[in-house]
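**Q** Quick check, what structure comes out for this input:
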Amino acid sequence: MAYSAGTFDILIIGAGHAGIEAALAGARLGCMVLCVTTHLDAVGNLPCNPSIGGTAKGQLVRELDALGGEMGRAADATGIQFRMLNRGKGPAVYSPRCQSDRMAYRAYMRAALEAEPRLRLIQDECVNLLIEDGGIAGVELSGGGQYAARAVVLATGTFLRAKTFIGEAVRSSGPDGLMSADGLSPRLTALGLRLRRFKTGTPPRIDSSTVNYSSMEPQYGDAEPQGFSFAAEFEPRNTVECHLTYTSPEAHAAILGGLDRSPLYGGAIEGTGPRYCPSIEDKLVRFPDKARHQIFLEPCGERTREVYLQGLSTSLPEDVQLGFVRAIPGLEEAHIMRPGYAIEYDCLDPLQLDSTLMVRHIPGLFAAGQVCGSSGYEEAAVQGFVAGVNAAHRVLGRDTLILQRDNGYIGTLIDDLTTRGTEEPYRMMTSRCEHRLLCRQDNADRRLMHIGHALGLVSDARLTHMEAEYQAAEAEVKRLDTVIAPPSAAVNALLEGCGTAPLSGRGASLQALLRRPEMGYEALGPLDSGRPALSKKVIEQVEIAVKYQGYIERQQAAALDARRMEGRALPEGIDYLSLHALRTEARIKLDAQRPRTLGQASRISGVSPSDISALIIYLSSREDLADKR
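**A** Numbers count the residues shown, from 1 in each chain. Coordinates of the predicted model:
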């Protein structure tokens, strides 16, 4: 029996990484928020890899922190090993990553939600969306409670009609054996939303006491660990070691011998899996000539012996898993605590969402995270933040938050999903960000913190501190250009000691010397008696600004050109179907997706450069007519 259970400004369906950020953003912006989850003890769960960050994903977390999100602080507070990835490459792709304590992370996030005075948590399942006058009006839960709301955020992760596969064992289940959410998918379909079926998977977890680490390569954290949050409230610490081993010919034989019992190859799994994170059986089939594959052993926490086998995702039967795990060097006696499994679930076609992450034909209904076709905790969290802010702003009558591609990775992610769509679980990569030298992890605060401050989610003190650091960096870059090092014996001895050519004939500015690949800021200290005291952050910004000046200027010019295209707005009422200068496919796609700008239109699959040229001519003719009037 349905009954009226209460009224909230915003309802969040799900308390994973998207739901958490959406709920916190909405509540911190002044809205009354109800967050519904099927299992309160799994708030902030890390059901797959117990880590935060990584290549491109670390950039997302730092951007989220600059905007006022929570994931970066949670990662710093509960991380047990920190590393900066891609140090052997340029700063455009440096990516922070931490190994997380699963239980500590969950406890931190639940406490963060419960600490918000405007936020309420409830354990139940959403089975219906309430619609009035074509827009969202609330939700109905499985117990019959109907909650009214002016905005709803779907953050259901991989739970919609979820099904797990371990060989021939198939059951309705979400991650970690939690119950699936089966009631909402039919309602979404009835509301005209296009659903698709995606798939992901996890590897076995083993007992560390049954591992022979002596035959493996230890993987240490950084000597000077760096966290995610610019606020630096928690000091990053390295308390565990990870380890590296490799698959063997015997392990490969065991895997291939079990393929006839694989749900992936037997046809039981219908969903599309992530191309960039294949299962171990898929790796062997796709890359038969590769002699071995890396396996990283990653602790799940400080108070558990459970270890995650990164790189060994599988849905093969348990007995096959035990056979190939024990054929891997160092795992000969391994005890499997949790077998690997594949999980299949419903999600939305993200082309049904606009740039605010609101469903185009149901005002007030937002979606974020894996329900939008993405994969990964970090991708989910940033979407949740944007959806939560826009849901709150809709309630409060404020302007929408739309992040552009040249704002960084979050803007690129959302634009990719809502403009280009995806035919597989979408994963963020540095190559997707065309302005990645400008949108680095180290300068996410400079790019986005003013937006977080304007939203009211970043304090005056944080903004002032950030601005002071970049002003100090700019001043130091200018000062270095005024300090001249003479071609003396002492100077040349220092340069040669650093592996770079000595000066001859004329002196050189310290800025010119720093531009040399072999030279670092600290190495120039003996030549610089007037050097000010600077923080590590400021020194890093000085080195990047000097060493990459030419590259940065070229990318800034390219970003400006792209911004001009983005700035060319497309009128909302364009009748694309009547524009016969466009190809038929372009007319259909543009009419369906209704892009906001010319730049967004150019990224829609099926819209060619010639179609964009035709649109430019059309817009110019409209503007000419308007001028004549």
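
**Q** tell me how far the helix-or-strand element of the chain with minimal mean pLDDT is from the chain's mean position?
**A** The weakest-scoring helix or strand in the chain, judged by mean pLDDT, DSSP states H and E, is helix 609-628 (a mean of 74). Helix 609-628 sits 37 Å away from the centroid of its parent chain (CA atoms, centre = their mean, to the nearest Å).

**Q** which ones are touching R161?
**A** S172, S180, A181, D182, S185, Y345, D346 (CB atoms under 8 Å, 6 or more residues apart in numbering). Where C-beta positions appear, they are placed from N, C-alpha and C, glycine not excepted.

**Q** Show me how the protein divides into domains.
**A** Domain assignment for the chain by automatic domain parsing gives 3-198+348-455, 205-344, 460-554, 568-628.

**Q** Relative to R110, how far out is the most far-flung residue of the chain relative to its centre?
**A** Within the chain, the residue lying farthest from the chain centre (CA atoms, centre = their mean) is G505, at 51.7 Å. Per CB to CB, to the nearest Å, G505 is found 67 Å from R110.

**Q** In which helix or strand does R479 reside?
**A** Using DSSP states H and E, R479 falls within helix 460-480.

**Q** Tabulate the CA atom coordinates of that helix in CSV.
**A** Taking Å, rounded to 0.1, in the frame of the first residue of the first chain, the C-alpha atoms of helix 460-480 are listed here in CSV:
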residue,chain,number,x,y,z
ASP,A,460,37.6,31.9,0.9
ALA,A,461,40.7,30.7,2.7
ARG,A,462,41.3,27.9,0.2
LEU,A,463,40.8,30.2,-2.8
THR,A,464,43.1,32.9,-1.4
HIS,A,465,45.9,30.3,-0.6
MET,A,466,45.7,28.9,-4.1
GLU,A,467,45.8,32.3,-5.8
ALA,A,468,48.8,33.3,-3.6
GLU,A,469,50.7,30.2,-4.7
TYR,A,470,50.2,30.9,-8.4
GLN,A,471,51.1,34.5,-8.0
ALA,A,472,54.3,33.5,-6.3
ALA,A,473,55.1,31.1,-9.2
GLU,A,474,54.5,33.8,-11.8
ALA,A,475,56.7,36.2,-9.9
GLU,A,476,59.5,33.6,-9.7
VAL,A,477,59.4,32.8,-13.4
LYS,A,478,59.8,36.6,-14.1
ARG,A,479,62.6,36.9,-11.6
LEU,A,480,64.6,34.0,-13.0
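
**Q** May I see the buried residues of it?
**A** For helix 460-480, a neighbour-count test (16 or more other CB atoms under 10 Å) marks R462, L463, M466, E469, Y470, A472, A473, E476, V477, R479, L480 as buried.

**Q** Chain neighbours aside, what residue packs nearest to the residue farthest from the centre of the chain?
**A** Closest residue to G505 apart from its sequence neighbours, by CB to CB, 6 or more residues apart in numbering: P487 at 6.5 Å.

**Q** Give me the neighbour count for that neighbour.
**A** 14 (other CB atoms under 10 Å).

**Q** do S610 as well
**A** Neighbours of S610 (other CB under 10 Å): 12.

**Q** again, but for D319
**A** D319 sits with 12 neighbouring residues when counted by other CB under 10 Å.

**Q** Kindly confirm my reading that it forms part of a strand.
**A** No. Looking at D319 with DSSP: H, G, I helix; E, B strand; the rest coil, it is helix, so not inside a strand.
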